[in-house]
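*Asks:* Mind looking at a prediction? Sequence and model below.
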Amino acid sequence: MSIHDLPAINASLNFVSTIFISTGWYLIRRGAWRRHVACMITAVISSTFFLAGYLVYHAHVGERSTSFTAQGIVRPLYFSMLISHILLAFVTLPLVILTLIPVFRRRWDRHRRIARWTMPIWLYVSVTGVLVYLMLYKWFPPPNLALGH
């Protein structure tokens, strides 16, 4: 394994987060709070590993291998999605923390009130993270990535 494997691993971790965020939301809507808790813990752990991998990758590689070179209509679509993803990603970490604090205090009303905002934002960031990866590394790779690192 090399540093260049991290984007695929990170996208996989984002996908895992997507699955568990969605499943956790589904389960709590059906009153299965214990399974909801298990899903959300898994989503937090997966997202934490993603963040660590993302920071390690960009600390080593920087932005030099992540330039989006595709042209046409896909270019503004990609950058619109990327910008919204980045802006909301900055909001997600504090929101997740603010959503967890009431849980530890057993303040379910506060948890529920904050989670109504956190869940869709976190889910959006998770899904768009996978899409950004696919667009940048798989569907429209720049020439230096298409040839293999």
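*Replies:* Received, thanks. Because the structure is predicted, anything quoted here is derived from the model rather than measured.

*Asks:* tell me the contacts of H111?
*Replies:* Each residue near H111 by CB atoms under 8 Å, 6 or more residues apart in numbering is listed here: T99, P102, V103. (Each C-beta comes from the backbone N, C-alpha and C, glycine too.)

*Asks:* Now the buried members of those residues.
*Replies:* When burial is judged by neighbour count using 16 or more other CB atoms under 10 Å, the buried members of these are T99, P102.

*Asks:* With pLDDT added, can I get the contacts of H111 in JSON lines?
*Replies:* Rendered in JSON lines, the data for those read as follows (pLDDT from 0 to 100):
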{"residue": "T99", "pLDDT": "97"}
{"residue": "P102", "pLDDT": "96"}
{"residue": "V103", "pLDDT": "94"}
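
*Asks:* quick one: which of the contacts of H111 sit in helices?
*Replies:* If you go by DSSP state H, these have T99, P102, V103 in helices.

*Asks:* quick one, what contacts the first one?
*Replies:* Residues near T99 by CB under 8 Å, 6+ apart: H111, I114, A115, T118.

*Asks:* roughly how far apart are it and F49?
*Replies:* Look at T99 and F49: by CB to CB, to the nearest Å, they are 19 Å apart.

*Asks:* What of T23?
*Replies:* In terms of CB to CB, T23 sits 18 Å off from F49.

*Asks:* that older thread, which of the contacts of T99 has the most neighbours?
*Replies:* Per-residue neighbour counts (other CB atoms under 10 Å) across the contacts of T99 peak at A115, which has 23 neighbours.

*Asks:* Find the nearest non-adjacent residue to that one, please.
*Replies:* In space, A115 comes closest to T99 once its chain neighbours are excluded; the distance is 5.1 Å by CB to CB, 6 or more residues apart in numbering.

*Asks:* what comes up buried for the helix or strand harbouring P76?
*Replies:* Take DSSP states H and E as the rule and P76 turns out to sit in helix 74-104. Under the neighbour-count criterion of 16+ other CB under 10 Å, helix 74-104 has Y78, M81, L82, H85, L88, A89, T92, L95, V96, T99, L100, P102 buried.

*Asks:* wait, isn't the third one in contact with V132?
*Replies:* It refers to L82. Yes - taking contact to mean CB atoms under 8 Å, the distance of 5.7 Å between L82 and V132 places them in contact.

*Asks:* related to what we said a few turns ago, mind putting the contacts of H111 into JSON lines with distance to N10?
*Replies:* JSON lines is the format used below for those (distance: CB to CB, whole Å):
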{"residue": "T99", "distance to N10": "22"}
{"residue": "P102", "distance to N10": "29"}
{"residue": "V103", "distance to N10": "26"}
